[in-house]
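Enquirer: sequence first, then the predicted structure:
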Protein chains: 2
Amino acid sequence: MTASPPTGDELVGMLAALSNPLRLRVIASLAARRNYVSGLAREIGISRPLLHMHLQRLEAAGLIVGTLELSDDGKAMKYYEVTDFDVRLSPSALAEAAATLTAPDPGKGPHTKEQS
Amino acid sequence: MTASPPTGDELVGMLAALSNPLRLRVIASLAARRNYVSGLAREIGISRPLLHMHLQRLEAAGLIVGTLELSDDGKAMKYYEVTDFDVRLSPSALAEAAATLTAPDPGKGPHTKEQS
DNA sequence: TTCATATGTAAGAGAAACCTTTCAGGTGAA
DNA sequence: TTCACCTGAAAGGTTTCTCTTACATATGAA
């Protein structure tokens, strides 16, 4: 396992993906059992296009993965399941992650304007 | 201690507050040592009003706390420091939190429009 | 063919987040 | 008084997020 700690940017992406009630419900539902989009949309009670958008965000953050499968009657169904992530959120852990942020570090280095 | 696990809504608030590179830097800086807003703004390299906004978000989420103190020369300085939060982010932990969400459970009740 | 299932995507509105600039108040020191 | 430092907050613009409605495609069954 050794859940390699995510980089600062990856962590920001994860947190952004999880900071939404609907997406939290999606994770909870998929944690119980994998499901395909239409079935999941019905279970959670939201429209399919909306769920589709949230699934994309979650997958982009690496929190879920989708696989296209064919049902017995030939229908194409996309099943999603959660990845087994495990991140700790504490001041020191966040400090470590923040050290790897690639975002614009405004006035850090000895006023290295690195050209404008 | 006994870091009581946050409710679903509290967790969403925490994650939203942390899903920003600047705020992550703020946490990292304050985790190293407490600081007052103007000093922190200089250290991070952002404008004071901008930092002020981010500090408000972090404090609203319970991740930092600010105390107004008087320096030796009588200046009013607001010092911020991190709280010792410690949250685990895993599918099962999120499922537990999601169960306590108060957000609109979309298609649950029989189309309760509850006035507009 | 028509209906029901499944998939994905594009267009548009409304709300929220993010950032900058500007203003206003306070204290102590020169 | 004027300057330097501290604090707070409002106004405005730009971008992003969130959601709905509508469209487009493919399969199997009646």
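Expert: Yep, that arrived. Everything numeric in this text was worked out from a predicted model, so none of it was measured.
Enquirer: how many neighbours does A:Ala98 have?
Expert: As a burial measure, A:Ala98 scores 22 neighbours (other CB atoms under 10 Å in any protein chain shown). Every residue, glycine included, has its C-beta placed from N, CA and C.
Enquirer: quick check: closest non-adjacent residue to it.
Expert: Nearest non-adjacent residue to A:Ala98, counting by CB to CB, 6 or more residues apart in numbering or on different chains: B:Ala28, 3.7 Å away.
Enquirer: cool, A:Ile27 as well?
Expert: Residue nearest to A:Ile27 in three dimensions, not counting chain neighbours: B:Leu94, with 5.0 Å by CB to CB, 6+ apart.
Enquirer: A:Leu30 is in contact with the one you found, correct?
Expert: No - counting by CB atoms under 8 Å, B:Leu94 stays clear of A:Leu30, with 10.2 Å between them.
Enquirer: next up, the contacts around the residue nearest to A:Ala98.
Expert: Each residue near B:Ala28 by CB atoms under 8 Å, 6 or more residues apart in numbering or on different chains is listed here: A:94-95, A:98-99.
Enquirer: reformat the residues you listed as JSON lines; add secondary structure.
Expert: Below are the contacts of B:Ala28 laid out as JSON lines (DSSP: H, G, I helix; E, B strand; the rest coil):
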{"residue": "A:Leu94", "secondary structure": "helix"}
{"residue": "A:Ala95", "secondary structure": "helix"}
{"residue": "A:Ala98", "secondary structure": "helix"}
{"residue": "A:Ala99", "secondary structure": "coil"}
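Enquirer: out of those residues, who's the most crowded?
Expert: A:Leu94 (25 neighbours).
Enquirer: surely it meets B:Asn20?
Expert: No - here A:Leu94 does not reach B:Asn20: they are 11.6 Å apart, not a contact under CB under 8 Å.
Enquirer: check the gap between A:Arg57 and A:Asn20 for me.
Expert: 8 Å (CB to CB, to the nearest Å).
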